[in-house]
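let me see the structure of the following:
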Amino acid sequence: MSVLEVHQFACLSDNYGYLVHDPASGDTACIDTPDAAAVLAALAERGWRLTAIWNTHHHADHAGGNLAVKGATGCEVIAPAAESARIPGVDRPVVEGDEVTLGKHRFRVLETPGHTAGHIVYVCEPEGLAFVGDTLFALGCGRLFEGTAAQMWRSLDKLRGLAPETLVYCAHEYTQANARYALSVDGGNAQLAARAEAIARTRARGAPTVPSRLAEELATNPFLRADDPALQAALGMAEAEPAAVFARLRAGKDSFSG
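Numbers count the residues shown, from 1 in each chain. The predicted model follows:
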């Protein structure tokens, strides 16, 4: 089986777009459509034929280009069933446990509510790829626009169960700001401090910090460590329920100005 190719490109103010391509079949999927012109330009640059859009959620910077891209390519639009009424051009609604394919490569759909009520992610475990939209960020997680802290913690816990070597492709370049907040709540984490320094160097040369390895997130992302006794103690929440610790972390990030 051929190895999938992932083409990452920056668009809008801080979004990333992704084209996922199977050389054997020629099939290509676009993860969300943050900017239709940027998606079509990336396809032209690579010389790839788009067969599908895989939407993670309904926000305009993820599904706003659906109709223009679909009109230009004739591709299929796959999207979360729970949000299909709010996403333009949906052909196939999907739910937890469904599969989407690129050639012979299979991606599993996971429901990860929290950022929005019906957010989903796409995971190819054999190749170690996870396209997580706005559920998980490098050193962060999505704001709770429609879901609860308990829902988001369950969603993140689901992602924690993926193989540690999984490459996590999130949708925004928020990592440097996320690092500042992470250090404010977990300043004794040596791995986090080293990662923050590396991130600063990466951004100084204009390079992306995405994707990241799940193992790195598990060690340094406070939002994935709400059940870690050391972090709980640092927050003055020893032995608290992880969902409550996560809620404290998320509220802290929402008001953080550092």
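
correct me, but Leu50 touches Cys30?
Yes - the pair Leu50 and Cys30 qualifies as a contact (C-beta atoms under 8 Å) at a distance of 5.9 Å. The C-beta positions use only the backbone N, C-alpha and C, and glycine is treated the same way.

next, count neighbours for Ala37.
Counted by other C-beta atoms under 10 Å, the residues lying close to Ala37 total 12.

next helix or strand past the host helix or strand of it?
Following DSSP states H and E, the helix or strand that holds Ala37 is helix 36-46. Reading on from helix 36-46 to the C-terminus, the next helix or strand found by DSSP H and E is strand 52-54.

what does that next one rub up against?
Counting by C-beta atoms under 8 Å, 6 or more residues apart in numbering, strand 52-54 makes contact with 27-33, 66, 69-70, 75-79, 89, 100, 102, 107, 122, 131, all of which sit outside it.

at 7 Å instead, please
Strand 52-54 is touched from outside by 29-31, 33, 66, 69-70, 75-78, 100, 122, with contacts defined as C-beta atoms under 7 Å, 6 or more residues apart in numbering.

stretch 200-216 too?
Identification of contacts with stretch 200-216 by C-beta under 7 Å, 6+ apart yields 8, 16, 138, 162, 164-170, 173, 175-176, 195, 199.

tell me the pLDDT at Gly258?
Note for Gly258: predicted pLDDT of 74.

ok so, going back, now restrict the contacts of stretch 200-216 to buried residues only.
Among the contacts of stretch 200-216, the ones that count as buried by 16 or more other C-beta atoms under 10 Å are 16, 138, 162, 166-170, 173, 175-176, 195, 199.

can you list the weak-confidence ranges in the protein?
Under the criterion of pLDDT under 70, the regions of the chain flagged as low confidence span 1-2.

mind listing the strands for it?
Listed in chain order, the strands of the chain (DSSP state E) span residues 5-11, 15-21, 28-31, 52-54, 76-80, 92-94, 99-102, 105-111, 120-124, 129-133, 136-137, 140-141, 167-170, 212-213.

quick revisit: for the buried ones among the contacts of stretch 200-216, which one is nearest Ala182?
Ranked by distance to Ala182 (C-beta to C-beta), these are led by Arg195 at 8.7 Å.

can you tell me the closest non-neighbouring residue to the closest one?
Spatial nearest neighbour of Arg195, excluding adjacent residues (C-beta to C-beta, 6 or more residues apart in numbering): Thr220 at 5.2 Å.

please report how far the one you found lies from Gly236.
Distance of Thr220 to Gly236, computed by C-beta to C-beta, to the nearest Å: 21 Å.

cool, and Val185?
Val185 is 11 Å from Gly236, where distance means C-beta to C-beta.

which one of those two is surrounded by more residues?
Val185 (19 against 8).

just confirm that one contacts Thr220, I think it does.
No - Val185 lies out of contact with Thr220 (C-beta atoms under 7 Å); the separation is 11.6 Å.

helices along the stretch 101-250 of the chain, start to end?
Per DSSP state H, counting those that start in this stretch, the stretch 101-250 of the chain has helices spanning 149-160, 175-185, 190-204, 214-220, 229-234, 242-255. These are given in chain order.

what angle sits between the third one and helix 175-185?
Put plainly, it is helix 190-204. Using axes from the mean of the first three to the mean of the last three C-alpha atoms, to 10 degrees, one finds that helix 190-204 and helix 175-185 are set 150 degrees apart in direction.
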